[in-house]
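J.: fold the following.
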Amino acid sequence: MFNDPNMAEDAIWRAGGSSEGLPVRVRYRSPEAIVGLQGNQFDLSATLIEIRTSEVAEPAKGDVVDILGEDGAVRETVQVIGLSRIDARKLVRTCEVTALAPDEPDEP
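T.: Numbers count the residues shown, from 1 in each chain. Sure thing, here's the model as predicted:
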């Protein structure tokens, strides 16, 4: 699924928001109802991404993810605000994210 261009997207994962980034593939998920995962609840406005643990072994709150467009430029930047489940085989971690506002250009 992560290699399918219709199901996953290229991204740059920045642990703790650092300037160094790791190229990864992520999958977006949007729940259609209130979803409970290991004591966490996500509502309709939640945005979830899935990341392979082989790419990011320990995602953490505060990590920043630059989602890349087809041209390789940053299309959207999101920040991990919550961690939820990891699949039974410990291959994929689901994280709740929120969009970060783009940097405002400095006015003269």
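J.: confidence-wise, which helix or strand of the protein is lowest on average?
T.: Least confident element among the helices and strands of the chain, by mean pLDDT, DSSP states H and E: strand 35-37 (a mean of 63).
J.: where does pLDDT dip in this protein?
T.: 31-38, 41-45, 102-108 (pLDDT under 70).
J.: which residues of it fall in strands?
T.: For the chain, the strands defined by DSSP state E cover 9-14, 22-29, 35-37, 40-42, 47-52, 64-68, 74-86, 92-99.
J.: to N3, which of those lies closest?
T.: strand 22-29 (7.1 Å; Cβ to Cβ). Bear in mind the C-beta positions are built from the backbone N, C-alpha and C, glycine included.
J.: need the residues that contact that closest one.
T.: Contacts with strand 22-29, where a contact means Cβ atoms under 8 Å, 6 or more residues apart in numbering, come from 1-3, 7-15, 47-52, 55-56, 65, 67, 94.
J.: and what of stretch 78-92?
T.: Under Cβ under 8 Å, 6+ apart, the answer for stretch 78-92 is 17, 37-38, 40, 42, 47-54, 59-65, 67, 93-100.
J.: skipping its backbone neighbours, what lies nearest the residue most central in space within the chain in space?
T.: Among the residues of the chain, I49 comes closest to the average C-alpha position under Cα atoms, centre = their mean, at 4.3 Å. Excluding its sequence neighbours, the residue lying closest to I49 (Cβ to Cβ, 6 or more residues apart in numbering) is V26, at 4.7 Å.
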